[in-house]
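In: structure, please.
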Amino acid sequence: MKSPETIQMYIAENETAMMEDLFSLIRIPSISAKPEHKADMMKCAERWTELLLKAGADKAVVMPSAGNPIVYGEKMINPKAKTVLIYSHYDVMPAEPLELWKSEPFEPVIRDGHIWARGADDDKGQAFIQVKAFEYLVKNNLLENNVKFIFEGEEEIGSPSLEAFCEQHKELLKGDIILVSDTSMLGADLPSLTTGLRGLGYWQLEVTGPNRDLHSGHFGGAVANPINVLCDIISKMVDENGRITVPGFYDDVEEVSAAEREMIRNIPFNEEKYKEAIDVRELAGEKGYSTLERNSCRPAFDVCGIWGGYTGEGSKTVLPSKAFAKISCRLVPHQDYHKILDMVANYIESITPDSVKIAITPCHGGQGYVCPITLPAYRAAEIGFEVAFGKKPLAVRRGGSIPIISTFEQVLGMKTVLMGFGLESDAIHSPNENFSLDIFRKGIVAVTEFHKAYAKM
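Out: Numbering: from 1, shown residues only. Sure thing, here's the model as predicted:
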């Protein structure tokens, strides 16, 4: 069997071509949130099929869904062998604010040992790790698992079409385990495997007061200002202890065991460096829990956007007719997001005064997920990380959400191993997203070793 050094030689010999192929994906602005990029979604899906076939897939096709197209590919080695279903997404977040980028977001560049571009990490770069590991195994006759690929184009807007697609194609997607590279590690020198994800609920609020914008001198103090009311509503969502005030919100929240809390305490974490990295003086959150507990295994409420009235240059003394906000709740496993969507909406309606009208629109949501560390595929992932990074990965829960992961378990009956390679400094969803070339290379080694180990379990 070939050694990891041989994999690294393969990467070194082919890296220029790898970058050219990856950059061809990144240059396509596949922004699912913007309707004007509909053609780019198809273009990106078609490019992925070309790259999967080039990597050694027997089949790679673009399939329709109720929304953006889905890429499906496969390499069937033996019907009796284990089958790994690799999931990823080819859509990316909008790049705004564009003025904060140091280089063009959709014109990737290599600088300081990193790839800089939208999608460099999330998730084109990480998906490319999976495909290049697959390519190496195929070209060197080392692949002993069947491998299937499913790449969607709506993850960044909540995967609204993927559940129905999975229901319609259960047999096509059938496998033993799902492998995903769309999460992060604790640090470049702290490899880690994600064992849990939070769920998500997301709403838009529209508060309406008078039937038009009013002169604030003539009407101020006599008519409710929708922005003021909206801010008051939001202020009532979390109490002085950092707990969400919605009645019943915590009914299904499972307390983390003493053993897991001890494991979290043992994770290397420097709170001062954490604050310095994001330039804040103090941290905040639910009392009684550490920072790592708050951002991984406890619920959270956040205002993701708020607007209304006059926001242009200079002053305009206006009492606005409307105010808007986008809010979200990160949820923990066992909290049903459907239940939470209704619960939060009902509570907001109950605390809205009669001086305004409110419209609450649920946008999307997803369930949380926990991966048992006893799964053979999880142990194979540990082996992959240990070979690539020289140390056993830590098991950690992460605060983000990938709603489709719990859906996979419910619809396809498969568990997912979250084998991600991102870093906090990669700035996903932000200007100047980037991905370390060193991590990219090690990721290919780790995934290669995963397949080799899993085939023997």
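In: point out where this protein drops to low pLDDT.
Out: Within the chain, the stretches with pLDDT under 70 are 1-5.
In: mind listing the helices for it?
Out: With helices called from DSSP state H, the chain shows them at 4-26, 38-55, 124-139, 162-168, 170-173, 216-219, 226-235, 258-265, 271-278, 291-294, 337-351, 376-389, 404-412, 437-454.
In: can I get those in JSON lines including mean neighbour count?
Out: To be clear about C-beta, it is placed using only N, CA and C from the backbone, and glycine gets the same treatment. Formatted as JSON lines, the helices of the chain follow (neighbours: other C-beta atoms under 10 Å):
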{"stretch": "helix 4-26", "mean neighbour count": "16"}
{"stretch": "helix 38-55", "mean neighbour count": "19"}
{"stretch": "helix 124-139", "mean neighbour count": "25"}
{"stretch": "helix 162-168", "mean neighbour count": "17"}
{"stretch": "helix 170-173", "mean neighbour count": "13"}
{"stretch": "helix 216-219", "mean neighbour count": "13"}
{"stretch": "helix 226-235", "mean neighbour count": "18"}
{"stretch": "helix 258-265", "mean neighbour count": "13"}
{"stretch": "helix 271-278", "mean neighbour count": "11"}
{"stretch": "helix 291-294", "mean neighbour count": "18"}
{"stretch": "helix 337-351", "mean neighbour count": "17"}
{"stretch": "helix 376-389", "mean neighbour count": "22"}
{"stretch": "helix 404-412", "mean neighbour count": "20"}
{"stretch": "helix 437-454", "mean neighbour count": "24"}
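In: ok, now which ones touch Gly242?
Out: Under the criterion of C-beta atoms under 8 Å, 6 or more residues apart in numbering, the neighbours of Gly242 are 284-287, 294.
In: distance check, it against Trp101.
Out: The gap separating Gly242 from Trp101 is 34 Å, by C-beta to C-beta, to the nearest Å.
In: so which of the helices of the chain is nearest Gly368?
Out: Nearest of these to Gly368, taken as C-beta to C-beta: helix 404-412 at 6.7 Å.
In: which residues touch the closest one?
Out: 85, 87, 152, 155, 159, 162-163, 166-167, 170, 173-175, 178, 180, 197, 199, 366-369, 414-416, 418.
In: and if we set it to 6 Å?
Out: Contacts with helix 404-412, where a contact means C-beta atoms under 6 Å, 6 or more residues apart in numbering, come from 159, 162-163, 166-167, 173, 178, 367, 369, 414, 416.
In: how about stretch 205-224?
Out: Contact with stretch 205-224 is made by 226, 229-230, 317-325, 355-360, as judged by C-beta under 6 Å, 6+ apart.
In: let's see that with 10 Å instead.
Out: Residues outside stretch 205-224 that contact it (C-beta atoms under 10 Å, 6 or more residues apart in numbering) are 225-234, 303, 306, 308-310, 316-327, 345, 348, 352-361.
In: out of the contacts of Gly242, which is nearest to Pro191?
Out: Using C-beta to C-beta as the measure, the one of the contacts of Gly242 that approaches Pro191 most closely is Arg294, at 23.0 Å.
In: what sits against the nearest residue to Asn146 once chain neighbours are set aside?
Out: Excluding the flanking residues, the one nearest Asn146 by C-beta to C-beta, 6 or more residues apart in numbering is Thr83, at 4.0 Å. Contacts for Thr83 (C-beta under 10 Å, 6+ apart) come out as 74, 76-77, 145-148, 173-177, 414.
In: quick one: which two of those residues are the most distant?
Out: The most distant members of those, if one measures by C-beta to C-beta, are Ile77 and Met414, lying 18.5 Å apart.
In: flag every buried residue along stretch 93-113.
Out: In terms of neighbour count (16 or more other C-beta atoms under 10 Å), stretch 93-113 has its buried residues at 93-95, 101, 105-106, 108.
In: rebuild those as CSV, extending it with distance to Ala381.
Out: Below are the buried residues of stretch 93-113 laid out as CSV (distance: C-beta to C-beta, whole Å):
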residue, distance to Ala381
Met93, 26
Pro94, 32
Ala95, 32
Trp101, 33
Pro105, 31
Phe106, 32
Pro108, 28
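In: report the two of those separated the most.
Out: Distances among the buried residues of stretch 93-113 were taken as C-beta to C-beta; the most separated pair is Pro94 and Pro108, at 16.8 Å.
In: ok, back up a step: of the contacts of Gly242, grab the buried ones for PyMOL.
Out: In PyMOL, a selection of the buried entries from these looks like this (16+ other C-beta under 10 Å):
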select buried, resi 285+286+294
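In: what's the closest of the contacts of Gly242 to Val138?
Out: Distances from Val138 to those, taken by C-beta to C-beta, are shortest for Arg294, at 43.3 Å.
In: which ones are touching the closest residue in space to that closest one that isn't next to it in sequence?
Out: Spatial nearest neighbour of Arg294, excluding adjacent residues (C-beta to C-beta, 6+ apart): Gly285 at 4.0 Å. Gly285 makes contacts with 238, 241-243, 291, 293-295, 298, 300, as judged by C-beta under 10 Å, 6+ apart.
In: Gly399 too?
Out: Counted by C-beta under 10 Å, 6+ apart, Gly399 has contacts 196-198, 292, 294-298, 300, 330, 332.
In: could you rerun that using 8 Å?
Out: Taking C-beta under 8 Å, 6+ apart as the test, what Gly399 contacts is 198, 295-296, 300, 330.
In: do the same with Arg118
Out: With contact set as C-beta under 8 Å, 6+ apart, Arg118 has these partners: 26, 29, 92-93, 95, 105-106, 433.
In: so what's the nearest residue to Ile244 once chain neighbours are set aside bridging to?
Out: Of all residues not flanking Ile244 in the chain, Phe301 sits nearest, at 5.0 Å (C-beta to C-beta, 6+ apart). Counting by DSSP bridges, Phe301 forms beta bridges with Cys329.
In: what residues are up against Phe301?
Out: 237-238, 244, 327-329.
In: now swap in Glu74 and tell me
Out: 57-60, 146-149.
In: gap between it and Val61?
Out: From Glu74 to Val61 the distance is 10 Å (C-beta to C-beta).
In: likewise for Leu52?
Out: If you go by C-beta to C-beta, the gap between Leu52 and Val61 works out to 9 Å.
In: name the residues contacting each of the two.
Out: 71, 73.
In: can you pull the contacts of the nearest residue to Trp116 once chain neighbours are set aside?
Out: Of all residues not flanking Trp116 in the chain, Asn434 sits nearest, at 4.7 Å (C-beta to C-beta, 6+ apart). Applying C-beta under 8 Å, 6+ apart to Asn434 gives the contacts 114-117, 120-121, 425-427.
In: before we move on, back to that, would a markdown table of the helices of the chain with distance to Glu206 be doable?
Out: Conversion of the helices of the chain to a markdown table gives the following (distance: least, C-beta to C-beta, whole Å):
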| stretch | distance to Glu206 |
| --- | --- |
| helix 4-26 | 36 |
| helix 38-55 | 26 |
| helix 124-139 | 35 |
| helix 162-168 | 27 |
| helix 170-173 | 38 |
| helix 216-219 | 20 |
| helix 226-235 | 9 |
| helix 258-265 | 39 |
| helix 271-278 | 31 |
| helix 291-294 | 30 |
| helix 337-351 | 11 |
| helix 376-389 | 44 |
| helix 404-412 | 28 |
| helix 437-454 | 42 |
